[in-house]
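*Asks:* Attaching a predicted model along with its sequence, questions to come.
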Amino acid sequence: MRTAAAGVLTPTDIHKIRHYVQHKYGDLPSDRRAEIVADAMQRIVLRQLPAFPHEQKLSVSTELMRSIAVRKQVPVDEKHIFEACLRLDYRDPQLFHALHEWVEQRLGVTIEHEAFKGIIEEGVHIANSPHLQVEAWDAVVGTVAGYYRAPERMAEVIALPGSRDGGLGNKTKPSTYLFLTLALSASTLFYGWWTLHPPTTRAELPQTGHPVDITPPVPQSPTIAIEQKYKNELPSELRYVEVNKERLVQYLARKSSLLAEEPYLSTIVNAAKEHDIHPLLLFAITGQEQAFVPKTHKDAKKIANNPFNVFHSWKEFNTTISESAKIASNTIVHKSQGRPDDVDALTWINTKYAEDVNWSKGVRAILDAMKRQIMLVNER
């Protein structure tokens, strides 16, 4: 039985798709190319899903693309598909049967109906209990590996010591042993985590006089991980300075930009200050990516949620202006690292931030124009 999670959408796949789209559709706008890439990626994932009705397939694939491929930026594999499928309603026999067949095909075994029902129940429990530090798919693999032999593709119960007939007995339900195996898998994995991450004690902390929580840490959300700061290696010309908001609003208003309004304006400026980035650089990026989000665009309010096109496109990742501004700022700071002295900062960031090789030229031109019209002479 194969036990390692198989890749469904790998970094190599994504790289090939982006390279092909860039080569074939290089003359299209960046948001259109991002849309083509996202569609190709989703098609790959769709082909690997259980035989659900089309509506459920789209729901699962969209969740996978958003939460795994885009937000976490990791390869999509079997464990992600299985966990996403657990969010569906398995009172529907069609959905249950499709996932049942998919798991059997992936693991190369035959699983009895009642046993698989127990697998689903425990999988849902594990998926909803992040403190266990156990993947639902890993628990399934461990359970099946303990009770099934792949060559015969037949369910086989392992004998317990002391049983009269050498087996578990006819009166015992498979789900009971399924639960025990899952519990054992969970406790074993949790023990491994505990030994590698022992709880902090009072003796290891400064004496603050306040009680210390020694419970194991709960995994952080993707948003918190995104907000992690990196060392800022931007040159001084791209570091944070105070800008005249009145002039900035006037400049954006001349562009009929929705970003001249609140909460967009202050949110972008505050993100720039928090990450020590010139505020006009962030606005220049929105100018390059989305022409400053003109109010006349039919999707202006949606675009304004992600005018930086972080994670490829506002269509693919539609969040809030607060989150997208923080992600864009953090990405700029992160990508500024390791720049050779003889390389322009925006050119260096371009190689990692955008697929368009002329992106930095556009941003630079917009930034310089904004500085001339908004900043005082001695501030440029």
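*Replies:* Okay, I see it.
*Asks:* Flag the shaky bits of the stretch 251-380 of the chain, pLDDT-wise.
*Replies:* Within the stretch 251-380 of the chain, the ranges that satisfy pLDDT under 70 run 377-380.
*Asks:* if we go to 90?
*Replies:* 310-319, 323, 327, 330-331, 334-338, 341, 350-358, 375-380 (pLDDT under 90).
*Asks:* Could you do the stretch 51-200 of the chain as well?
*Replies:* Checking the stretch 51-200 of the chain against pLDDT under 90 turns up 51-96, 98, 100-200.
*Asks:* any chance you could map the helices in it?
*Replies:* 54-64, 78-85, 93-107, 113-127, 136-147, 174-196 (DSSP state H, counting those that start in this stretch).
*Asks:* which other helices and strands contact the second one?
*Replies:* Which is helix 78-85. For helix 78-85, the contact count by 3 or more Cβ pairs under 8 Å, 6 or more residues apart in numbering; DSSP states H and E identifies strand 7-9, helix 54-64, helix 93-107, helix 113-127, helix 136-147 as packing neighbours. Where C-beta positions appear, they are placed from N, C-alpha and C, glycine not excepted.
*Asks:* Any chance of TSV for those, columns mean neighbour count and distance to residue 302?
*Replies:* As requested, these are exported to TSV (neighbours: other Cβ atoms under 10 Å; distance: least, Cβ to Cβ, whole Å):
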stretch	mean neighbour count	distance to residue 302
strand 7-9	20	25
helix 54-64	17	16
helix 93-107	17	31
helix 113-127	19	30
helix 136-147	22	33
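*Asks:* between these, which one is nearest to residue 364?
*Replies:* strand 7-9 (34.3 Å; Cβ to Cβ).
*Asks:* Give the phi and psi angles for the residue nearest to residue 40 when sequence neighbours are not counted, as a check.
*Replies:* Excluding its sequence neighbours, the residue lying closest to residue 40 (Cβ to Cβ, 6 or more residues apart in numbering) is residue 17, at 4.8 Å. Dihedral pair for residue 17: phi -60, psi -50, per degrees, to the nearest 10.
*Asks:* Kindly report the same for residue 294.
*Replies:* Dihedral angles (degrees, to the nearest 10) for residue 294: phi -60, psi 140.
*Asks:* is it true that it touches residue 300?
*Replies:* Yes: between residue 294 and residue 300 there is a contact at 6.7 Å, judged by Cβ atoms under 8 Å.
*Asks:* Between those two, point out the one with more neighbours.
*Replies:* Applying other Cβ atoms under 10 Å to residue 294 and residue 300 shows that residue 300 carries more neighbours, namely 17 against 14.
*Asks:* Excluding covalently adjacent residues, which one is nearest to the more buried one?
*Replies:* Using Cβ to Cβ, 6+ apart, the closest residue to residue 300 is residue 258 (5.0 Å).
*Asks:* Save the helices and strands packed on helix 78-85 as TSV, and put in distance to residue 363 too.
*Replies:* Formatted as TSV, the helices and strands packed on helix 78-85 follow (distance: least, Cβ to Cβ, whole Å):
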stretch	distance to residue 363
strand 7-9	30
helix 54-64	31
helix 93-107	45
helix 113-127	41
helix 136-147	42
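*Asks:* so which of the ones you listed gets nearest residue 360?
*Replies:* Nearest to residue 360 among the helices and strands packed on helix 78-85 is strand 7-9; the distance by Cβ to Cβ comes to 29.0 Å.
*Asks:* I'd like to know the average pLDDT value across the closest one.
*Replies:* For strand 7-9, mean pLDDT rounds to 66.
*Asks:* Residue 93 versus residue 102, what's the distance?
*Replies:* When distance is defined by Cβ to Cβ, to the nearest Å, residue 102 is 15 Å away from residue 93.
*Asks:* So which bits of stretch 233-250 are buried?
*Replies:* 234, 238, 240-241, 243, 248-249 (16 or more other Cβ atoms under 10 Å).
*Asks:* Can you give the contact residues for stretch 39-52?
*Replies:* 8-9, 13-14, 17, 21, 57-58, 60-62, 64-65, 69, 76, 81, 85, 88, 94-95, 98-99, 101-102 (Cβ atoms under 8 Å, 6 or more residues apart in numbering).
*Asks:* Buried residues in it, which are they?
*Replies:* Buried residues in stretch 39-52, defined by neighbour count with 16+ other Cβ under 10 Å: 40-42, 44-46, 48-50, 52.
*Asks:* so where do the strands sit in this structure?
*Replies:* Secondary structure of the chain (DSSP state E): strands at 7-9, 76-77, 148-149, 154-155.
*Asks:* Quick check, the residue nearest to residue 40 in contact with residue 34.
*Replies:* No: applying Cβ under 8 Å as the test, residue 17 and residue 34 come out as separate, 11.1 Å apart.
*Asks:* That concludes my questions; thank you for your assistance.
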